[in-house]
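Colleague: Need the 3D shape of this:
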Amino acid sequence: MIRLFQKRLAAVYGAVRERTGVLLGAVAESVVGATVIRAYGVSRRTERRLDTSIERLRSAQQTALRTSVTSFSSGELGAGLALAAVVIIGVLLARTAA
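Modeller: Numbers count the residues shown, from 1 in each chain. As a prediction, this is how the structure comes out:
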């Protein structure tokens, strides 16, 4: 089960890294090309591109965080169930030995 989550986490955090790169590229182009953007009047298009990049990064981060939380919670649940099983078996063994 952990391997399944590891593969899934690698994929979703890969998407986060990719979208972070796209966003950084869009921001860099906007900053470096600010005079050209103003001169040609393409600020709306640049703004839409930035907004789209930000939204896609936000969505990818939320997916990655949900996957991470699910993975952690599943691990904690498994550990709790294992502990409960050990305690129950210990109590049963102690009762039968007495």
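Colleague: tell me the mean pLDDT over the helix or strand where Arg56 lies?
Modeller: Element membership of Arg56 [criterion: DSSP states H and E] is helix 43-97. For helix 43-97, mean pLDDT rounds to 95.
Colleague: elements contacting that helix?
Modeller: helix 2-32 (3 or more C-beta pairs under 8 Å, 6 or more residues apart in numbering; DSSP states H and E). C-beta coordinates here come from the backbone N, C-alpha and C atoms, glycine included.
Colleague: list the buried ones in the helix it packs on?
Modeller: 5, 8, 12-13, 15-16, 19, 23, 26 (16 or more other C-beta atoms under 10 Å).
Colleague: Give me the residues contacting whichever helix or strand comes after that helix.
Modeller: Following helix 2-32 in sequence order, the next helix or strand is helix 34-40 (DSSP H and E). The contact list for helix 34-40, computed with C-beta atoms under 8 Å, 6 or more residues apart in numbering, reads 30, 43, 46.
Colleague: just to revisit the earlier point, so how far is the helix holding Arg56 off the chain centroid?
Modeller: 10 Å (C-alpha atoms, centre = their mean, to the nearest Å).
Colleague: before we move on, what about stretch 11-19?
Modeller: 8 Å.
Colleague: ok, and what's touching that stretch?
Modeller: By C-beta under 8 Å, 6+ apart, stretch 11-19 touches 53, 56-57, 60-61, 63-64, 67.
Colleague: In ChimeraX, how would I select just the buried ones from those?
Modeller: Remark: buried members of the contacts of stretch 11-19, expressed as a ChimeraX selection using 16+ other C-beta under 10 Å:
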select :53,57,60,61,63,64,67
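Colleague: Report the two of the contacts of stretch 11-19 separated the most.
Modeller: Ser53 and Thr67 (21.3 Å; C-beta to C-beta).
Colleague: gap between the residue nearest in space to the middle of the chain and Leu50?
Modeller: By C-alpha atoms, centre = their mean, the chain has its centre lying nearest to Ala64, at 1.5 Å. Distance of Ala64 to Leu50, given as C-beta to C-beta, to the nearest Å: 21 Å.
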